[in-house]
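S.K.: prediction below, plus the sequence it came from.
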Amino acid sequence: MSTTTKSGVSHTPKFTDGAEFRIPTFKMLKQDGKLYKGVKEPDLDREKALRIYRAMITTRVLDERMLAAQRQGRLSFYMQCTGEEAAVIGSTAALDDADMIMAQYREQGALAYRGFTIDEFMNQLFGNELDYGKGRQMPIHYGSSKLNYMTISSPLATQIPQATGYAYGQKLAGDGHCTIVYFGEGAASEGDFHAALNMATVHRVPVIFLCRNNGYAISTPATEQFAADGVAPRAYGYKMDVIRVDGNDILAVHEATRAARRMAVEENRPVLIEAMSYRLAAHSSSDDPSGYRSKDEEAVWREKDPILRMRHWLEHRQWWSEDEEKHLQETLRREVLETMKRAEKRPPPPLESLVTDVYDTVPPALQAQFEKLKVHIRKYPEAYPKSASHAKGGS
Amino acid sequence: MAKMNMLQAINDALDTAMAANDRVLCFGEDVGVFGGVFRATSNLQQKYGKSRCFNTPLVEQGIIGFANGLAAQGSVPVAEIQFADYIFPAFDQIVNESAKFRYRSGNLFDVGRLTIRAPYGGGIAGGLYHSQSPEAYFAHTPGLKIVVPRNPHQAKGLLLGAIHDPNPTLFFEPKRLYRASVGDVPEGDYQLPLGEAEILKEGTDVTLLGWGAQMEVIEQAVEMAEKDGISCEIIDLRTILPWDADTVASSVFKTGRLVVTHEAPLTGGFAGEIAATIQERCFLYLESPIARVTGLDTPFPLVLEKEHLPNHLKVYDAIKASVDF
C-alpha cells in the first residue's frame, strides 16, 4: 500500500488556494415562471407537479397557522420552513417514496409530500395521545416509519453519519433504495458532517447529502460560519460528486436530485447537493431576527419566493388557475383550523409513556420508580392534572 | 447593589471580568452581535470588540478544543455551549483534554484558565434535548470543577470565581431561573469560593441538600414540613466537584437525616456519590436511610415533564418519610 498521493511530485514549493474550485449554481426556472434560455422543459408530468405544489402550499399554510397558534399560547414552540419549501419538497419528490429521509428539523415539507396528514402533524405538535412520539419531544419533531421519515433529533448533524450507515445497509440489502439526509450550512460545521462524507465515499454508499444553505444558523450568518465559498467545495476533499443548485428553483432542485439519485443507486456514488436559499422566517418561535439582520435583506428574498415561482410556471403551462389556488388555500386553512381544535382537545399520552421505550421492556428498578410515582400522584391528584386519571389502579 | 435577574448577573460577571483583564474572551454559537440565544453575552461584542467576543462556527468540539488551546496559551477563555444537552460532541475535549492537561504534562502546561458556561436543567417545556442535567457525567472526571448557581447573586460571584480559578471549570446555569430568579447583586468584582457549600438555613431534624434550581424546590418543601413542626437545615452544595463533604457531614452529625435532590436521573446521579460518602462518615449518627429525590431513570420527557421532575411535593414526602422512619 502506497502512502503517497496520486498527484505526482513537485520540486518547487507551490501552494494552491482552491480558487479553481468554483461551483456554479444550477438554475432552470426564472422568478416569472419562465425557463432560462436554452433550458429544456423538465420531465415532470402534471400529476407530479401538482403533488409537489400542493405539498408546498400545505407546508406554507401549516407554518403560518401554527406560528400564529404559538403566538396565541396554544403551542409551546414552532419552526417554519418558509422560503425553503422548494429545496425540501423538490428533492424529496425526486426520490422513490420508499427511499429513506433523515431530516434536520425544518423539513416538514418532505412529510407533507409523502402524505403525512394534517391530523398527524397536529398530534405531534400538541403531544397528545395519538402522537407517534408519545408526547416526549418538542413540537416539529415528527417521525413516520410508514413514510420512511426518521424521527427528528434536536442535536445538530447527528443524522448525517447515520444516513451514511443507513444507506450502506440499503446497499447491502440490494433493494435499490437510497437515503437522503438534510441539514443546514451551520450543521455542516459539526464533526459529524465530515465523518459522514468521508465514510460515504470510502465505502461507496448510496446517500444524498442535501445541505440547505439558508444563510443563517440562528443568528450566525454563513459568512461567519465558513470562510470558503459555501459548503459545496468540501466534497472535493472527499472525492465526492457535488452540485450547487438554486434552492428556490423547484425544477432545478428536482432535476439535480433525480440525477443524484441515479448516481447513488445505480453506481453507489454518494452526492452532495448544496441548495442555496434563505430562511425567511425566524430560526424558531423563540427567535427574533430583528436583532441580527435587516428587513431590507429579508425583502430581497421574499421577492424570490419559491412557491410563487412554481405557481407562475404551473400557470404558464395552464396546469393551475386562480380559482384552484383560492380553493386549495381555503380548504387547507379550514382543515388546519379544524384539525388543530381537535388535536388540542385530545388527552395527553398515558402516564405509562413516561417509562416505556427506554428499553424494549421496562426494567424492574424503573418499574419500581413508576409504582412509587403512581402512589405519589394519587396522593396529590390536583398537582398532576394531566395524569391523575391515569394513576389509578396498580399497587 | 442592583436588582438583576440571573441572565443580567451573568452578563455583569462577564462584563466585569472582560473589563478587568483584556485576556478574557467570550465566544460560542450566536454569542457575538446577537448576545447569545438567551442574551447572556449581550453588548459584550459592542463593548470589547469582535476579537474578544465572537460567534464561532457551529461545532462544540471545535469550541472547546479552541478554548483549551487558548487557555494553554495564557488567555482566559469563557466558552459558551448553547445548551448543556449539546455539550457531548465536546466530551472528548473536556474529559480527555481539559481535565488531564496539567496532570499529563507534569504541570508543564495547563488549561486552568478555562471556563465553560452552559444553560442547563429542565422545567421549560424543552423535552429531551433542552432539559438535561449532565453534571454527573463530568463529576466522574478528576481534574474538572463543576459549579451550579442558585440565584443572581450567586451566579455572578461564582462565575467570577470560576473565571479566576486556576482549574478548568464547568459552569452550569439553571435556565429555568434565567429570568425567573431576581435579586440584589453587588456591583463590581466579587468572587464566591468554589468547593464550599453554603448553609442557607439551620435546623435540627433533617438536612436538605441540592444545587441550582432545586434550591427553590427545597425551600417550598421545607415551608410545608416546618408547618408540620419539622426543623429543616438547608444546604446549597454550589460546587459539585470537588464537593464539600465536610459541611454536609457536619450537618448530618447534627440532624441524623439527609435528603438529597437533583433533576438528573437517579441511577448514577451525583446524589449516589453523596449518599455513599455520608453513610461512610456519619453511619452511627444516621436515624434513617439517606433519601434521594430525583428525576426518573428515563430520558427527559415533554408533556409529562411535571410528573418526571422532583418537585416540592416529592421532596416534602421524602422529608416526612425520613422523619417518620
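M.R.: It's in.

S.K.: what helix or strand is A:E297 located in?
M.R.: According to DSSP states H and E, A:E297 maps onto helix A:295-302.

S.K.: is chain B within reach of that helix?
M.R.: No. Using C-beta under 8 Å from any C-beta of the partner chain, helix A:295-302 never reaches chain B; the gap is at least 14.3 Å. Where C-beta positions appear, they are placed from N, C-alpha and C, glycine not excepted.

S.K.: give the buried residues for that helix.
M.R.: A:E298, A:W301 (16 or more other C-beta atoms under 10 Å in any protein chain shown).

S.K.: could you export it as PDB, CA atoms only?
M.R.: The C-alpha coordinates for helix A:295-302 follow below in PDB (Å, rounded to 0.1, in the frame of the first residue of the first chain):
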ATOM      1  CA  LYS A 295     -35.900  43.900   6.900                       C
ATOM      2  CA  ASP A 296     -34.400  45.000   3.600                       C
ATOM      3  CA  GLU A 297     -32.400  41.900   3.300                       C
ATOM      4  CA  GLU A 298     -35.500  39.800   4.000                       C
ATOM      5  CA  ALA A 299     -37.400  41.700   1.400                       C
ATOM      6  CA  VAL A 300     -35.000  40.800  -1.300                       C
ATOM      7  CA  TRP A 301     -35.500  37.200  -0.600                       C
ATOM      8  CA  ARG A 302     -39.300  37.500  -0.200                       C
END
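
S.K.: run the chain-centre distance for it.
M.R.: 23 Å (C-alpha atoms, centre = their mean, to the nearest Å).

S.K.: ditto for stretch B:125-142
M.R.: 10 Å.

S.K.: pull it out as PDB, backbone CA atoms only.
M.R.: What follows is stretch B:125-142, C-alpha atoms only, in PDB (Å, rounded to 0.1, in the frame of the first residue of the first chain):
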ATOM      1  CA  ALA B 125     -41.000  22.500  28.200                       C
ATOM      2  CA  GLY B 126     -37.700  21.700  26.500                       C
ATOM      3  CA  GLY B 127     -38.200  18.000  26.100                       C
ATOM      4  CA  LEU B 128     -35.300  15.500  25.600                       C
ATOM      5  CA  TYR B 129     -32.700  17.900  24.300                       C
ATOM      6  CA  HIS B 130     -33.200  21.200  26.100                       C
ATOM      7  CA  SER B 131     -33.600  19.900  29.600                       C
ATOM      8  CA  GLN B 132     -30.800  17.600  30.700                       C
ATOM      9  CA  SER B 133     -28.700  17.900  33.800                       C
ATOM     10  CA  PRO B 134     -25.400  16.200  32.800                       C
ATOM     11  CA  GLU B 135     -23.300  17.100  35.900                       C
ATOM     12  CA  ALA B 136     -22.800  13.500  36.900                       C
ATOM     13  CA  TYR B 137     -21.000  12.600  33.700                       C
ATOM     14  CA  PHE B 138     -18.400  15.300  34.300                       C
ATOM     15  CA  ALA B 139     -18.300  14.600  38.100                       C
ATOM     16  CA  HIS B 140     -16.700  11.300  37.200                       C
ATOM     17  CA  THR B 141     -13.700  13.200  35.800                       C
ATOM     18  CA  PRO B 142     -10.900  14.200  38.200                       C
END
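
S.K.: what about A:D43, which SS state?
M.R.: The assignment at A:D43 comes out as coil when based on DSSP: H, G, I helix; E, B strand; the rest coil.

S.K.: quick check: phi and psi at it.
M.R.: phi -90, psi 80 (degrees, to the nearest 10).

S.K.: so who does it touch?
M.R.: Counting by C-beta atoms under 8 Å, 6 or more residues apart in numbering or on different chains, A:D43 makes contact with nothing.

S.K.: strands of the stretch 201-325 of chain B, start to end?
M.R.: B:206-210, B:232-236, B:239-241, B:258-265, B:291-295 (DSSP state E, counting those that start in this stretch).

S.K.: and the contacts of the helix holding A:E297?
M.R.: A:G83, A:Y278, A:L280, A:P289.

S.K.: between the helix or strand following that helix and helix A:295-302, how many degrees?
M.R.: Per DSSP H and E, helix A:295-302 leads on to helix A:306-316 as the next helix or strand towards the C-terminus. If you take axes from the mean of the first three to the mean of the last three C-alpha atoms, to 10 degrees, helix A:306-316 sits at 30 degrees to helix A:295-302.

S.K.: tell me what helix A:306-316 is packed against?
M.R.: If you count contacts as 3 or more C-beta pairs under 8 Å, 6 or more residues apart in numbering or on different chains; DSSP states H and E, helix A:306-316 packs onto helix A:46-71, helix A:85-93, helix A:250-267.

S.K.: just say which of those helices is most tucked in.
M.R.: The highest mean neighbour count among those, using mean count of other C-beta atoms under 10 Å in any protein chain shown, belongs to helix A:85-93: a mean of 31.

S.K.: among the contacts of helix A:295-302, who's most crowded?
M.R.: Counting neighbours by other C-beta atoms under 10 Å in any protein chain shown, the top entry in those is A:G83, with 26 neighbours.

S.K.: give me phi/psi at the closest residue in space to B:Q93 that isn't next to it in sequence?
M.R.: Using C-beta to C-beta, 6 or more residues apart in numbering or on different chains and skipping residues adjacent in sequence, the residue nearest B:Q93 is B:I64, 4.0 Å away. Note on B:I64: its backbone torsions stand at phi -80, psi -40 [degrees, to the nearest 10].
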